Each structure stands twice: as structure tokens, then as C-alpha cells.
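Q: Could you work out the structure for the sequence below:
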Amino acid sequence: MEKLTAKEEEIMQVLWKVEQSFVKDMLPYFTDPPLHYNTVSTIIRNLEEKGYVGHQAYGNTHEYYPIISKEDYQNRFVLKKVVSDYFDDSYKNLVSYFAKKEKISVDELKEIITMIEKGQ
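A: Numbering: from 1, shown residues only. The predicted model follows:
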């Protein structure tokens, strides 16, 4: 599976949110800038070819749904790339960064340790 373009990710965000949709029902989510029906339709078909989206056909109309979950995509591409590019491939460095910037409290760190110990 390959990483998505920015527009593909934008469309996937909508599908992950609504879980299934026709192209026409997705258009109100794209307001800045607005996307044309044909643009969304083309991108959806590309996402389907890449294995991210499936569809249910109703005659000539298709209802689309995500095949890959948002969490799976984040684990494969987003988080992995951030940790690789900015934290020397170290999750320890990532957590340390948030602790130093006071974005995570000692209590939250203890909770994370407990979760790790319990295998959650």
C-alpha cells in the first residue's frame, strides 16, 4: 500500500468519519476550496484502485466505504514517518519530547506505563 496524496487523505478523512457515502453526499465536506463532483469521483476511483476504498453498486450509482481503518493508516504512514523523520526512529524520543514540552503530565506517563505493563 502506498501513502496517499493530500487530497486523497482529505477524502479518506470524510469516509472514515461517515463510514460510507455516495460522492454527492461527500461534497458538502469540501468547502475550502470546494471540490467538484468529478474531482471527488476521480479521486475515489483512484483510492479504490490503491485498495483503500470499496464500493457497493446500486445500478450506476456507487456507495463508497473505507477498506483500511484510520488507525491502520496512521500506524503505517503517519506515525511511522513522524517518528522516523523527527525522532530518530525512537518512540522513547517521541515521548520524551512531549514530556519536556510539558504536553504530557507525570500522571499521564504513569498511566501509559501501566497500560504498557498490562499489554493494552
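
Q: tell me the contacts of His62?
A: His62 makes contacts with 22-23, 55-56, as judged by Cβ atoms under 8 Å, 6 or more residues apart in numbering. The C-beta positions use only the backbone N, C-alpha and C, and glycine is treated the same way.

Q: next one: Phe22
A: Phe22 sits in contact with 61-64, where contact means Cβ under 8 Å, 6+ apart.

Q: go with 10 Å
A: Contacts for Phe22 (Cβ atoms under 10 Å, 6 or more residues apart in numbering) come out as 44, 55, 58, 61-64.

Q: By neighbour count, which of those residues wins?
A: Most neighbours among these, by other Cβ atoms under 10 Å: Tyr64, with 26 neighbours.

Q: Helix or strand: which one has that residue?
A: strand 61-66 (DSSP states H and E).

Q: thinking in terms of the whole chain, how far from its middle is the helix or strand just after that strand?
A: Moving toward the C-terminus from strand 61-66, the next helix or strand (DSSP H and E) is helix 70-73. Helix 70-73 has its C-alpha centroid displaced from the chain centroid by 5 Å (Cα atoms, centre = their mean, to the nearest Å).

Q: Tell me the helices and strands packed up against the helix or strand following helix 70-73.
A: Next along the chain after helix 70-73, taking DSSP H and E as the criterion, comes helix 79-86. Judged by 3 or more Cβ pairs under 10 Å, 6 or more residues apart in numbering; DSSP states H and E, helix 79-86 is in contact with helix 91-100.
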